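Q: Just the structure for this:
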Amino acid sequence: MSASRPPSVDALARSLVSCGLPHALLVEVARESIAAGDWEHAAARAAALAQSLLQPVINASGVLLHTNLGRAPLRPSGNGRPVNLEFDLATGRRGSRQSSVGGLIARLCGAEAAIVVNNNAAAVLLVLASLAEDAEVLVARGESVEIGGGFRVPEVMEQSGARLVDVGTTNRTRADDYRRAITERTALILKVHPSNYRVEGFTEEATVGDLAPLGVPVVSDIGSGLVDATCPWLSAGPPRWLNGEPAARQTLDAGAALVTFSTDKLFGGPQAGVIAGRADLVARCAQHPLMRALRPGALVLSTLQDITLAYLRRDVVEVVPFWAMAAATTEDLERRARALGVGTPVALDALPGAGSLPGITVPSFGVVLDGDHAEALRHHQPPVIARVRDQRTYLDLRTVDPRDDDTVANAVRSLLS
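A: Here you go, the predicted model:
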């Protein structure tokens, strides 16, 4: 192509076909490049556009639930056929999209009933709007938090129509503080698990078991979505790094009227939120007008059903990638690191991620490379996401599917050559 005379849009677009974008997008890139007078860099523009699109990546960062990478990784399912989302196969009439998955999750959590919404923020909003509009909700000052994405408990409370009543102090709140704050306008006590920070030192908090006898329904937002603290789906039992993490079954057993949690964190599923607990309260949430705006679609519900059935079958490690990562032993990770044949094998500390379990690390293993190779690895196909510290690049194998080990090794060999 001449540097002084631009090519035709069609010719330039056809020269970019190797980047894999549809022709219509290549025509747009060609037009923009010619208009800007830098058609010689059209290939770079097309590559940048292709890289900006959603695509599979290999997570070698050591963050198990990487928010920027979609949190819990998922395996594709489905065969392209419709599903009976709101069709009752027994009667041939319209059914509920919540009955099948909600019933399974309720069974899993030991709840009377459960429903699914778009995410955990939606779950909290729906509970407050359904059960506490124009009424008071008691929240400990130390739990009136902001989590990722600007989700602030006081602001969600305001949007729901409920009135926030602060209880206790930031670092110490007792059951008697709640008791003194209860009035005839009190609708709920909301317990919020501070999943992305810790208050240490001179602290005290009232547990769900302390609050349940006060006569006001206790709603516990446990956040991360651990179903059962005993992890009966793991042959070795719960890993030590999960100690102290609230779980749905135990929280309900302690007397919570409802629990809310995310399904794309420790549950290991797609983005959604669950409301589980007393059937009468769940029904009021399901009947609220907001429910239509917050309900998930067939893809999310089908994926959640597959994962919930895996929990009930006790084959979660084989089906759910997050629990496969969590269950991997450091001995196995070290063996894989040495088998890569690239870099220097090294013991590492992985992180749970997604704002859960702050300050907790998970023993891991991987390889380290001298220098900062993060950008080169991101431009590999498929992209490999690594962690850089002190001009050294770390590839943590706890967050890499073993089937991708050869791809990681080839990516490293490619950049080193």
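
Q: Residues contacting stretch 87-101, please?
A: Residues outside stretch 87-101 that contact it (Cβ atoms under 8 Å, 6 or more residues apart in numbering): 84-86, 115-116, 286, 295, 298, 301, 304-305, 308. (C-beta placed from N, C-alpha, C; glycine too.)

Q: Now, those residues that are in strands?
A: 115-116 (DSSP state E).

Q: Mind giving me the ChimeraX select for the contacts of stretch 87-101, buried ones only?
A: Per 16 or more other Cβ atoms under 10 Å, the buried members of the contacts of stretch 87-101 correspond to this ChimeraX selection:
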select :115,116,286,295,301,304,305,308
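
Q: lowest average confidence, helix or strand, in the chain?
A: Of all helical and strand segments in the chain, the minimum by mean pLDDT, DSSP states H and E falls on strand 146-147, at a mean of 67.

Q: Provide a list of residues in contact with residue 247.
A: Residue 247 touches 222, 226-229, counting by Cβ under 8 Å, 6+ apart.

Q: Can you redo those residues as TSV, where the extra columns are distance to residue 393?
A: Output for the contacts of residue 247, formatted as TSV (distance: Cβ to Cβ, whole Å):
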residue	distance to residue 393
222	36
226	32
227	36
228	38
229	36
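
Q: And these, which two are furthest apart?
A: 222 and 228 (11.8 Å; Cβ to Cβ).

Q: So for the two, which residues contact both of them?
A: Counting by Cβ under 8 Å, 6+ apart, the residues touching both residue 222 and residue 228 are 247-248.

Q: the more surrounded of those two?
A: More crowded of residue 222 and residue 228, by other Cβ atoms under 10 Å: residue 222, with 27 against 16.

Q: Could you tell me what pLDDT the model assigned to that one?
A: The confidence metric pLDDT takes the value 94 at residue 222.

Q: what kind of secondary structure is it in?
A: Using DSSP: H, G, I helix; E, B strand; the rest coil, the structure places residue 222 in strand.

Q: Would you mind confirming that it makes contact with residue 190?
A: No. Assessed by Cβ atoms under 8 Å, residue 222 is found out of contact with residue 190, at 11.8 Å.

Q: check contacts around the most centrally placed residue in the chain.
A: By Cα atoms, centre = their mean, the chain has its centre lying nearest to residue 264, at 3.1 Å. Residue 264 makes contacts with 65, 70-72, 119, 225, 270-272, 354, as judged by Cβ under 8 Å, 6+ apart.

Q: how about 6 Å then?
A: 71-72, 270-271 (Cβ atoms under 6 Å, 6 or more residues apart in numbering).

Q: I'd like the distance between residue 365 and residue 389.
A: Taking Cβ to Cβ, to the nearest Å as the measure, residue 365 falls 16 Å from residue 389.

Q: what do you get for residue 43?
A: 33 Å.

Q: got it, and residue 59?
A: 17 Å.

Q: The two: which is more packed in?
A: Counted by other Cβ under 10 Å, residue 59 and residue 389 do not tie: residue 59 has more neighbours, with 26 against 9.

Q: With that, I have no additional questions.
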